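Chemist: below are the sequence and a predicted model for it; my questions follow.
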Amino acid sequence: MPLLFAFILFIASMIFCLISSCSILIAMLIGLVAFTVAAHLNGFPYEKLIKMAFSGIKESLIVLEIMFLIGFLTAVWRSSGTISFFVYYSIRLITPRLFILFSFILCCVLSYILGTSFGVAGTLGVILMVIAHSGHVNEGMIAGAVISGIYFGDRGSPVSSSAILVAAITKTNIYDNVKLMFKTAGIPLISVTIIYAALSFFNPLKAVDTNVLHILQTDFNLTLWTIIPALFMLILPLFRINIIWVFITSILSGFFITLIFQGTTVYKTLAFCFLGYQAEDPNLSFILNGGGAASMFTVCGVILLSSAYSGIFKDTHMLDIIQNKLLLLIDKIGRFGAMLISSLLIICIFCNQTIASMMSRDLLVRPYELTGGSNTELAIDIENSSIVLCGLIPWAISCSVPLQMLGAGYNALPFAFLLYVIPLCYIFTKKKFFVNII
């Protein structure tokens with residue numbers, strides 16, 4: 001009964017925060033207190049519960065370090081002109097007859113390089129929507145193609161915060177996970193590419209607005225040197241170099257390129273790293289402002305508190321009742337089927353990709369172990385459920401924020417094909433094609 005009350009209070013707090021636009025960290029704190037009290041009522045001393053919470057937090061420290069590095073990275077990639085370079089030349093590659101297809105492919109490539117969904121949606125995605133509007137192309141289709149593309153990289157890039165988080169909480173290797181994510185996304189990616197090609201043919205671009213491209217070219221020195229930070233992110237992982245050093249190398253190169261080629265002062269560049277990039281040209285502020293360590297505070301807070309929950313859940317066995325129910329569900333529909341249902345419910349309630357990933361791990365790690373599942377399988381199943389499904393739930397942050405950035409409505413979601421083709425395809429092909437590799 002105390003555990004049930006704690007869950008109800010946690011869910012109610014989360015709903016209140018979402019409706020009132022308060023920080024979800026408030027709900028997370030309320031939930032932590034509620035679960036701690038519930039565990040105490042079940043016979044656990046507060047001193048032991050605090051130690052459990054700190055043991056969970058200790059396991060997340062490496063993830064927190066990477067999150068702040070990602071904040072620095074997203075700022076210097078903006079200030080150095082790296083993002084502007086890719087956006088500028090990506091748009092110039094577009095063929096009017098294949099506009100929707102190119103939009104999807106470009107978002108896939110850029111999100112894989114950058115490892116961020118929001119960053120690509122807020123830059124390349126916004127420009128694609130402007131072009132779609134001026135060129136009389138169905139904006140819902142373009143927004144759907146953009147959302148599909150941005151979550152391709154968010155799910156499968158070795159520098160994606162969500163991929164790094166999943167690898168950390170499942171104690172798996174990020175590079176091994178990336179290989180498996182490519183394999184499990186192969187059939188869906190080919191299928192979706194064909195669909196977008198067909199949609200492009202019947203919805204060609206009729207005109208191109210190049211005003212934003214002109215502003216990018218004017219405000220930034222788009223020399224080839226600006227792609228060096230991206231090259232480090234692409235090449236160094238091939239040698240399986242520790243991901244932290246990959247980030248540091250890219251950040252330092254972006255920092256010096258900002259100083260040398262964009263003419264920014266050391267003080268200003270450091271400010272960008274901590275507080276986020278601020279474009280001098282107001283015409284670019286809506287697509288380039290952001291990033292920085294400050295942008296990761298909420299994410300890090302969610303990870304920190306979720307890790308404290310995990311420590312308490314693990315050592316008090318509070319989730320045993322739910323896990324036993326999930327074991328019965330696994331017997332009926334398999335491990336991924338159980339993952340799909342539980343992660344969907346978690347997303348619908350908590351509306352957050354990070355919480356969904358960590359709670360899916362907490363709930364299913366024991367059922368997976370007892371039924372013969374490996375940590376690698378758990379990681380890939382989370383990637384093929386929690387990570388992609390978050391982009392389809394209208395009230396979830398991973399869906400509502402990109403749609404807001406793109407100025408699109410929920411009519412775009414049926415066109416975000418990759419997000420539901422991946423789990424649908426995987427649930428039918430897992431046992432036949434992937435049982436030996438996971």
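Modeler: Received, thanks. No experiment lies behind these values; they were computed from the predicted model shown.
Chemist: which secondary structure elements does the longest helix along the chain contact?
Modeler: The single longest helix within the chain, with elements called by DSSP state H, is helix 46-79. Packing partners of helix 46-79 (3 or more C-beta pairs under 8 Å, 6 or more residues apart in numbering; DSSP states H and E): helix 24-41, helix 82-92, helix 161-169, helix 228-235, helix 243-261, helix 266-275, helix 297-316. (Each C-beta comes from the backbone N, C-alpha and C, glycine too.)
Chemist: which residues touch the first one?
Modeler: Helix 24-41 is contacted by residues 2-3, 5-6, 9-10, 13-14, 16-18, 46, 49, 53, 298, 301-302, 305-306, 308-309, 312-313, 316, 318, 351-352 when judged by C-beta atoms under 8 Å, 6 or more residues apart in numbering.
Chemist: quick check on those residues: which are buried?
Modeler: For the contacts of helix 24-41, a burial check counting by 16 or more other C-beta atoms under 10 Å picks out 3, 6, 9-10, 13-14, 17-18, 49, 53, 298, 301-302, 305-306, 308-309, 312-313, 316, 318, 351-352.
Chemist: return the set of buried residues in the longest helix of the chain.
Modeler: Buried-residue list, helix 46-79, by 16+ other C-beta under 10 Å: 49, 52-53, 55-57, 60, 63-64, 66-79.
Chemist: same question for stretch 272-281.
Modeler: 272-273, 276-279.
Chemist: do me a favour and get the end-to-end distance for it?
Modeler: 15 Å (C-alpha to C-alpha, to the nearest Å).
Chemist: then stretch 41-52?
Modeler: Length of stretch 41-52, first residue to last, C-alpha to C-alpha: 16 Å.
Chemist: quick check: mean pLDDT of that stretch?
Modeler: Across stretch 41-52, the average pLDDT comes to 92.
Chemist: gap between it and the chain center?
Modeler: Relative to the centre of its chain, stretch 41-52 is centred 33 Å away, using C-alpha atoms, centre = their mean, to the nearest Å.
Chemist: stretch 122-129 now?
Modeler: 17 Å.
Chemist: again, but for stretch 339-358
Modeler: 13 Å.
Chemist: residues making contact with that stretch?
Modeler: Stretch 339-358 is contacted from outside by 11, 14, 18, 24, 162, 165-166, 169, 299, 302-303, 306-307, 309-310, 326, 329, 333, 359-360, 363-364, 381-382, 385-387, 389-390, 393, 395-398, 423, 427, using C-beta under 8 Å, 6+ apart.
Chemist: stretch 46-55 too?
Modeler: With C-beta under 8 Å, 6+ apart as the test, stretch 46-55 has contacts from 32, 36, 39-40, 308-309, 311-312, 314-316.
Chemist: the same query, at a cut-off of 6 Å, please.
Modeler: Residues from elsewhere that reach stretch 46-55, judged by C-beta atoms under 6 Å, 6 or more residues apart in numbering: 36, 39-40, 308, 311-312, 315.
Chemist: drop anything exposed from those residues.
Modeler: With burial judged by 16+ other C-beta under 10 Å, the buried subset of the contacts of stretch 46-55 is 36, 39, 308, 311-312, 315.
Chemist: could I get those as CSV with distance to Asn177?
Modeler: Shown next, in CSV, are the buried ones among the contacts of stretch 46-55 (distance: C-beta to C-beta, whole Å):
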residue, distance to Asn177
Thr36, 32
Ala39, 32
Ala308, 25
Gly311, 24
Ile312, 27
Asp315, 27
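Chemist: tell me the one of these nearest Pro414?
Modeler: Using C-beta to C-beta, Ala308 is the member of the buried ones among the contacts of stretch 46-55 that lies nearest Pro414, at 38.4 Å.
Chemist: I'd assumed Ser60 was in contact with the closest one.
Modeler: No - here Ala308 lies out of contact with Ser60, judged by C-beta atoms under 6 Å, at a distance of 8.8 Å.
Chemist: nearest residue to Ile169 in space, please, no chain neighbours.
Modeler: Counting by C-beta to C-beta, 6 or more residues apart in numbering, Arg361 is the residue found nearest to Ile169 once chain neighbours are left out, at 4.8 Å.
Chemist: give me the neighbour count for the one you found.
Modeler: Number of residues near Arg361 (other C-beta atoms under 10 Å) recorded here: 23.
Chemist: state the mean pLDDT of whichever strand or helix holds it.
Modeler: Element membership of Arg361 [criterion: DSSP states H and E] is helix 353-370. Confidence for helix 353-370, expressed as mean pLDDT, is 93.
Chemist: so how far is it off the chain centroid?
Modeler: 17 Å.
Chemist: whichever helix or strand comes after that helix - contacts with which helices or strands?
Modeler: Heading C-terminal from helix 353-370, the first helix or strand you meet, by DSSP H and E, is helix 375-382. Secondary-structure packing of helix 375-382 (3 or more C-beta pairs under 6 Å, 6 or more residues apart in numbering; DSSP states H and E): helix 353-370.
Chemist: relative to helix 161-169, how tilted is the helix it packs on?
Modeler: The directions of helix 353-370 and helix 161-169 differ by 30 degrees, with axes from the mean of the first three to the mean of the last three C-alpha atoms, to 10 degrees as the criterion.
Chemist: in helix 353-370, what counts as buried?
Modeler: By neighbour count on 16+ other C-beta under 10 Å, the buried set for helix 353-370 is 353-368.
Chemist: also stretch 17-34?
Modeler: Buried, per 16+ other C-beta under 10 Å, within stretch 17-34: 17-18, 24-25, 27-28, 30-32, 34.
Chemist: cool, and stretch 411-426?
Modeler: Neighbour-count burial for stretch 411-426 [16+ other C-beta under 10 Å]: 412-413, 415-423, 425-426.
Chemist: list just the nearest of the residues you listed to Glu377.
Modeler: Tyr426 (11.5 Å).
Chemist: list the contacts of that closest one.
Modeler: By C-beta under 6 Å, 6+ apart, the contact set of Tyr426 is 184, 384.
Chemist: what does Ser117 give?
Modeler: Shown in contact with Ser117 (C-beta under 6 Å, 6+ apart): 150-151, 154.
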